[in-house]
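[1] Sharing a model prediction with you, sequence too.
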Amino acid sequence: MKLPNRKQAYVPQAKLANYLLSEIHVVGRWKAKFLINLGFDESNISLLQKALLIIAQKEEVKDTISSSHGTKFIIDGSLQSPIGKTVDIRTIWIIDKDQKKPRFVTAYPI
């Protein structure tokens, strides 16, 4: 199955800048180190955003998790980096209750 409403999926800029690419975020800093080593940083944040959206729009949903907040969708895919490397990552998306647009939650290497 594909991500429902995948063409409306979005990645909040703050999620990227203040979490995935933040070297000081308590949870996100190890992810930032991984992504920075691949050539991602705040100067090319739009490349990371586009790469995540491509995964959401093209890849199959691996699993779903229902919660009181909505339904999370786990999607694995390949991330193309600015330095020419390709890595496999797991992305998590959520469709919040009473919403239709999938929102990016997190990503990490697999």
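    Received the coordinates, thanks.
[2] for this structure, longest helix please?
    helix 45-58 (DSSP state H).
[3] and it, average pLDDT?
    The average pLDDT within helix 45-58 is 96.
[4] buried set for it?
    45, 48, 49, 51, 52, 53, 55, 56, 57 (16 or more other C-beta atoms under 10 Å). All C-beta spots, glycine's among them, are computed from the backbone N, C-alpha and C.
[5] Strands of this protein, start to end?
    61-66, 70-80, 86-96, 103-109 (DSSP state E).
[6] Could you point out which of those sits nearest residue 17?
    Minimum separation from residue 17 across the strands of the chain (C-beta to C-beta) falls at strand 103-109, 12.7 Å.
[7] distance of residue 98 from residue 12?
    According to C-beta to C-beta, to the nearest Å, residue 98 and residue 12 sit 18 Å apart.
[8] Same question for residue 67.
    From residue 67 across to residue 12, the span is 19 Å (C-beta to C-beta).
[9] Next: residue 81.
    21 Å.
[10] Of those two, which one has the most company?
    residue 81 (17 against 13; other C-beta atoms under 10 Å).
[11] so what pLDDT did residue 28 get?
    88.
[12] neighbours of the closest residue to it other than its chain neighbours, just the number please.
    Once flanking residues are discounted, residue 28 sits nearest to residue 19: 4.2 Å by C-beta to C-beta, 6 or more residues apart in numbering. By other C-beta under 10 Å, the residues close to residue 19 number 17.
[13] So which of the strands of the chain is nearest residue 41?
    strand 70-80 (14.6 Å).
[14] which residues touch that closest one?
    Residues outside strand 70-80 that contact it (C-beta atoms under 8 Å, 6 or more residues apart in numbering) are 3-4, 38, 51-52, 54-56, 58-66, 86-97, 99, 102, 105, 107, 110.
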